[in-house]
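Engineer: Here's a sequence, model it:
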Amino acid sequence: MPRLTLAATAALVAAVVPAPVAGQPAAPASPQSYVVGNPLGVTPPGPTGSAGRFEPMSANAKVYGGIVNAESCAYDAARGLVVVPNRGAGQRAQANDGFVSLVNHDGSVHTARWIGVQPPMARRTLTPPLTLNDPFGSDIAGGVLYLADSDGNTGPDDPRVAVIRRFDLRTGAPAGEVRVAQAQWLNDLAVARDGTIYATRTGDFGPSGNPATWQVLKVAPDGAVSVFAEGAPLRMPNGIALDPRGDVVVANSGDSAVVTFSPAGRVLRTEFAAQAGSDGLVIMPDGTKYVSSVFQGGVSRMRPGRPAELIARNIPSAASMCYDAGANQLVIPMNEQNGLALITLR
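Structural biologist: As a prediction, this is how the structure comes out:
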């Protein structure tokens with residue numbers, strides 16, 4: 001999810017805090033109680049004016065740290081390790097600060113910094129140079145790690161533009177990129193066997209969002225970019241994956257819909273997760289889907305022909321998860337919580 005910039009935060013504060021009257025001293029700040037954080041869990045929205053009631057995370061979700069603002073992960077079957085792109089510091093704090101970690105099945109860190117071990121200022125001198133700014137979605141296909149990254153956004157006059165970056169999965173070396181000029185950023189991506197990339201453009205947030213910004217973009221192996229799907233039934237599309245038939249499945253974050261498209265872009269079916277706000281999407285060989293809600297914190301299991309059921313609850317900022325086949329578990333990055341939740345499948 002996009003982060004609020006310092007400038008936006010300052011503007012928000014200025015809009016809601018009245019300025020002191022000229023010639024009068026500013027009122028002293030009200031004393032604030034010192035608080036500490038809760039154990040991991042969420043506080044669901046309560047009635048108007050209420051912060052709701054804290055609810056602890058499911059006991060079957062185990063959390064491990066060592067991660068910095070990760071949005072997604074992918075499983076490297078050859079190594080038997082989980083590949084986790086870290087977004088690092090924001091572009092306006094430190095450009096080119098993204099890096100990639102390797103994580104063991106038990107959640108412990110195998111390699112803290114695999115891609116991006118060098119400090120940002122040294123990366124331009126590498127051969128080949130390394131750029132990894134703000135990676136969101138990830139996928140592995142054909143021995144290549146694909147990351148939905150972006151350039152720019154280092155200041156208010158530096159436009160942000162989406163870039164899909166490729167890395168050799170064996171060596172970690174940069175292996176090319178595709179600039180997607182029609183999008184500021186891409187959320188998640190999935191790669192077909194022929195190298196075709198499908199990527200979600202989540203677009204405008206909120207009930208008044210512009211449906212023309214809710215898109216799935218298609219990047220051909222030669223780098224040509226086209227619109228694969230746009231507008232309803234998409235609503236703030238987020239997670240994306242290919243099912244065993246090669247169909248393109250998209251999870252909406254604006255509602256609970258999970259939409260399956262044919263490779264030609266025709267809607268084949270619409271299913272519904274147990275919660276709205278979907279982000280992560282994993283599809284098993286038998287067609288069972290697992291969907292995580294970044295807004296409500298649950299993980300839905302969607303078996304073919306059966307209603308969705310929650311198998312875990314209250315995982316904060318449950319982002320674009322992956323399936324660790326070596327341990328038969330879901331791995332769920334938790335964005336600003338700087339950790340991973342592991343859920344063993346039974």
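
Engineer: Distance-wise, check Ser72 relative to Gly66.
Structural biologist: 16 Å (Cβ to Cβ, to the nearest Å). (Each C-beta comes from the backbone N, C-alpha and C, glycine too.)

Engineer: Mind checking what helix or strand follows the helix or strand containing Ala112 in sequence?
Structural biologist: Assigned by DSSP states H and E, Ala112 belongs to strand 109-115. Using DSSP H and E, the helix or strand that directly follows strand 109-115 along the chain is strand 138-141.

Engineer: got the CA positions of that following strand in CSV?
Structural biologist: Output of strand 138-141 as CSV, limited to C-alpha atoms (Å, rounded to 0.1, in the frame of the first residue of the first chain):
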residue,chain,number,x,y,z
SER,A,138,7.2,-10.5,-7.1
ASP,A,139,7.2,-13.8,-9.0
ILE,A,140,9.7,-16.4,-10.2
ALA,A,141,9.5,-18.0,-13.6
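
Engineer: Identify all contacting residues around it.
Structural biologist: Here strand 138-141 makes contact (Cβ atoms under 8 Å, 6 or more residues apart in numbering) with 72-76, 83, 85, 145-148, 169, 189-193, 195, 320, 322.

Engineer: in this structure, what spans have low per-residue confidence?
Structural biologist: Along the chain, the parts satisfying pLDDT under 70 run over 1-30, 32-37, 45-52.

Engineer: middle-most residue in it, spatially?
Structural biologist: Relative to the mean C-alpha position of the chain, the nearest C-alpha, by Cα atoms, centre = their mean, is the one of Glu71, at 3.6 Å.

Engineer: hang on, isn't that one packed against Gly137?
Structural biologist: Yes - under the criterion of Cβ atoms under 8 Å, Glu71 makes contact with Gly137 at 7.0 Å.

Engineer: which residues are common contacts for these two?
Structural biologist: Ser320.

Engineer: From the contacts of strand 138-141, keep the buried residues only.
Structural biologist: For the contacts of strand 138-141, a burial check counting by 16 or more other Cβ atoms under 10 Å picks out 72-76, 83, 85, 145-148, 169, 189-192, 320, 322.

Engineer: Now intersect those with the strands, please.
Structural biologist: Applying DSSP state E to the buried ones among the contacts of strand 138-141, the entries found in strands are 74-76, 83, 85, 145-148, 189-191, 322.

Engineer: I figured Glu336 hits Ala319, correct?
Structural biologist: No - contact criterion Cβ under 8 Å: Glu336 and Ala319 do not qualify, at 9.9 Å.

Engineer: residue contacts, Thr260?
Structural biologist: Going by Cβ under 8 Å, 6+ apart, Thr260 touches 243, 247-250, 267-271.

Engineer: In three-state terms, label it for me.
Structural biologist: Following DSSP: H, G, I helix; E, B strand; the rest coil, Thr260 is assigned to strand.

Engineer: nearest to Ala199, of the ones in strands among the buried ones among the contacts of strand 138-141?
Structural biologist: Taking Cβ to Cβ as the measure, Ala199 lies nearest Leu189 of those, at 4.2 Å.

Engineer: so the closest one bridges to which residues?
Structural biologist: Ala199 (DSSP bridges).

Engineer: Give me the distance between it and Ala141.
Structural biologist: The spacing between Leu189 and Ala141, counted by Cβ to Cβ, is 10 Å.

Engineer: And Ala175, by the same measure?
Structural biologist: Relative to Ala141, Ala175 is positioned 12 Å away (Cβ to Cβ).

Engineer: Looking at the two, which one has more neighbours?
Structural biologist: Using other Cβ atoms under 10 Å, the more surrounded residue of Ala175 and Ala141 is Ala141, with 19 against 16.

Engineer: before we move on, back to that, just checking, what packs against the strand holding Ala112?
Structural biologist: If contacts are counted by 3 or more Cβ pairs under 8 Å, 6 or more residues apart in numbering; DSSP states H and E, strand 109-115 sits against strand 99-103.

Engineer: In its sheet, which strands sit next to the strand it packs on, and in what direction?
Structural biologist: Assessed with DSSP bridges, strand 99-103 is paired to strand 81-86 (antiparallel), strand 109-115 (antiparallel).

Engineer: Hmm, Gly287 is touching Arg306, no?
Structural biologist: No - counting by Cβ under 8 Å, Gly287 does not reach Arg306; the two are 10.9 Å apart.
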